[in-house]
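Peer 1: Predicted model and sequence follow; I will ask about them next.
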Amino acid sequence: MRRTLLPLAALALVLVAGGCKVEINGGATPGPGGTTVPSDSPVADPPFGDGSSANDNVSPPAAPPAKVPALTCDQVAESELGSTKVRYNNYPDPIPLTEGRWAGEDGVVVALQPPCATGDLTGDGAADALRAIMLDGGGTGKFWGIVLWRNVKGAPAYVGTVDLGDRTPIEKITISAGQAQVVYLTRPDDASMVELVIERTATYRLIGDKLEEIGYVDKPHS
């Protein structure tokens with residue numbers, strides 16, 4: 001074996017001295033870790049373009065997710081009060097609204113009122129709806145409240161109702177920064193029902209699955 005290697009080494013020296021090119025390992029170049037890479041291996045082109053053209057060699061950017069349409073105040077007027085999980089006024093089944101109204105066989109009339117606002121209260125980026133409601137049981141009582149519908153793929157889904165009391169008309173509803181502000185008229189506990197002498201601005205936030213009051217500010221009303 002040694003006799004064979006020595007003549008080959010001598011021949012290589014002669015060829016180099018004569019200006020001849022000697023290729024080792026078939027023209028391969030050493031790669032990482034001592035491996036060899038053939039000299040004719042294809043080299044990837046650098047990325048170019050933004051994917052908008054057929055000539056670009058990069059993938060086009062992913063399309064943004066579709067935006068969920070906001071609920072509207074007119075839309076909830078044709079929705080339901082109550083759900084399979086949360087009852088409205090202890091009715092066993094959801095009650096359907098038609099043009100914002102419903103009348104029961106027991107004489108109760110439920111009617112949505114004009115104050116309404118839309119905005120994100122659930123934290124999912126989709127605009128929900130909060131609207132005033134009044135329940136008339138047939139007597140002197142007129143019970144006001146607010147109803148929240150969650151936005152589920154552009155359709156209203158009942159979340160719950162907050163009762164504000166007897167003859168406490170709602171003046172305005174706004175939604176901002178994940179909170180709702182409800183302006184309504186009320187009275188001291190020892191006043192008669194007709195004495196609407198307080199304008200209350202109450203702030204609500206969805207905590208868990210319930211709309212909770214987190215504070216209010218009163219000022220005189222005349």
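Peer 2: Alright, I've got the coordinates.
Peer 1: Report the residue spans of the protein with pLDDT below the cut-off.
Peer 2: The model of the chain has pLDDT under 70 over residues 1-60, 63-65.
Peer 1: hang on, isn't E212 packed against R205?
Peer 2: Yes - E212 lies in contact with R205 (C-beta atoms under 8 Å); the separation is 6.1 Å. C-beta coordinates here come from the backbone N, C-alpha and C atoms, glycine included.
Peer 1: who's more crowded, those two?
Peer 2: R205 (15 against 11; other C-beta atoms under 10 Å).
Peer 1: now the more buried one: how far from A155?
Peer 2: Noted for R205: a distance of 23 Å to A155, by C-beta to C-beta, to the nearest Å.
Peer 1: cool, and L196?
Peer 2: Applying C-beta to C-beta to L196 and A155 gives a distance of 36 Å.
Peer 1: the more surrounded of these two?
Peer 2: L196 (16 against 13).
Peer 1: Tell me how many other residues crowd the nearest residue to the more buried one once chain neighbours are set aside.
Peer 2: Closest residue in space to L196, ignoring its immediate chain neighbours: L185 at 4.2 Å, by C-beta to C-beta, 6 or more residues apart in numbering. Using other C-beta under 10 Å, the number of residues around L185 comes to 18.
Peer 1: L185 contacts H221, doesn't it?
Peer 2: Yes - using C-beta under 8 Å, L185 is in contact with H221, at 5.9 Å.
Peer 1: Mutual contacts of those two, please.
Peer 2: 196, 198-199 (C-beta atoms under 8 Å, 6 or more residues apart in numbering).
Peer 1: I'd like those residues as JSON lines, with distance to I170 and secondary structure appended.
Peer 2: Below are the shared contacts of L185 and H221 laid out as JSON lines (distance: C-beta to C-beta, whole Å; DSSP: H, G, I helix; E, B strand; the rest coil):
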{"residue": "L196", "distance to I170": "12", "secondary structure": "coil"}
{"residue": "I198", "distance to I170": "13", "secondary structure": "strand"}
{"residue": "E199", "distance to I170": "11", "secondary structure": "strand"}
